[in-house]
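>>> pasting the sequence and the predicted coordinates here, then a few questions.
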Amino acid sequence: MAEYDREQVEARLNQREAELTKTRASIDSEAEGMTSGVRADVDQHPADSGTEMYEQELDETTKILIDEGEQRIAEARKSLEAGTYGTCIVCGKDIPPARLEAQPEAVRCIEDQERYEAGLRMTHG
């Protein structure tokens with residue numbers, strides 16, 4: 001198992017969490033601006049309604065991804081506390097340092113992450 005500078009990892013996890021929080025706040029702020037003021041459906045062209053629905057669905061999908069990111073950050077913090085940070089939760093191999101630098105919340109090696117995502121695609125169409 002590779003050794004990691006705990007303070008550096010915690011700082012990177014905090015940074016990622018702050019990025020997710022900022023993105024969520026931005027989405028919430030934009031959504032609040034869209035719903036306040038004049039009724040959105042008065043004198044609105046049908047194409048505008050479709051665009052608005054698309055943007056709302058995109059925001060909801062982004063929020064789901066943010067939730068998953070926050071969950072992975074929590075899992076990474078638990079593994080850091082347990083001394084298993086940097087170890088794939090599926091196969092037990094070390095997660096490459098470059099992957100952890102890019103995604104400090106990664107809990108799977110690249111191969112197992114690819115299999116995990118392929119399974120999600122199959123499950124959700």
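Good, I have the coordinates. What you are looking at is a predicted structure, and each value in this text was computed from that prediction instead of being measured.

>>> just want the most central residue of this protein.
The centroid of the chain falls nearest to G69 when counting by CA atoms, centre = their mean (3.0 Å).

>>> for the chain, what's the longest helix?
helix 46-82 (DSSP state H).

>>> contacts for the following helix or strand past that helix, please.
Counting by DSSP states H and E, the next helix or strand C-terminal to helix 46-82 is helix 97-102. If you take CB atoms under 8 Å, 6 or more residues apart in numbering as the criterion, helix 97-102 is touched by A2, Y4, V9, R12, G86, A106, C109, I110. All C-beta atoms are positioned from the backbone trio N, CA, C, and that covers glycine.

>>> show me what contacts the last one?
Listed by CB under 8 Å, 6+ apart, the contact set of I110 reads P96, R99.

>>> state the distance from it to E3.
To E3, I110 is 21 Å away according to CB to CB, to the nearest Å.

>>> and for the fourth one?
Plainly put, R12 is 15 Å away from E3 if you go by CB to CB.

>>> ok, the third one next?
Separation of V9 from E3 (CB to CB) stands at 11 Å.

>>> of the two, which one has the most company?
Using other CB atoms under 10 Å, the more surrounded residue of V9 and E3 is V9, with 19 against 7.

>>> check which residues of the helix or strand hosting the more buried one are buried.
V9 belongs to helix 6-35 when assigned by DSSP H and E. Within helix 6-35, the residues that qualify as buried are V9, R12, L13, R16, E17, L20, R24, I27, counting by 16 or more other CB atoms under 10 Å.

>>> from the contact counts, what lies against it?
Using 3 or more CB pairs under 8 Å, 6 or more residues apart in numbering; DSSP states H and E, the elements in contact with helix 6-35 are helix 46-82.

>>> give me the buried positions along the helix it packs on.
D59, I66, G69, E70, R72, I73, A76, R77, S79, L80.

>>> no further questions, thank you.
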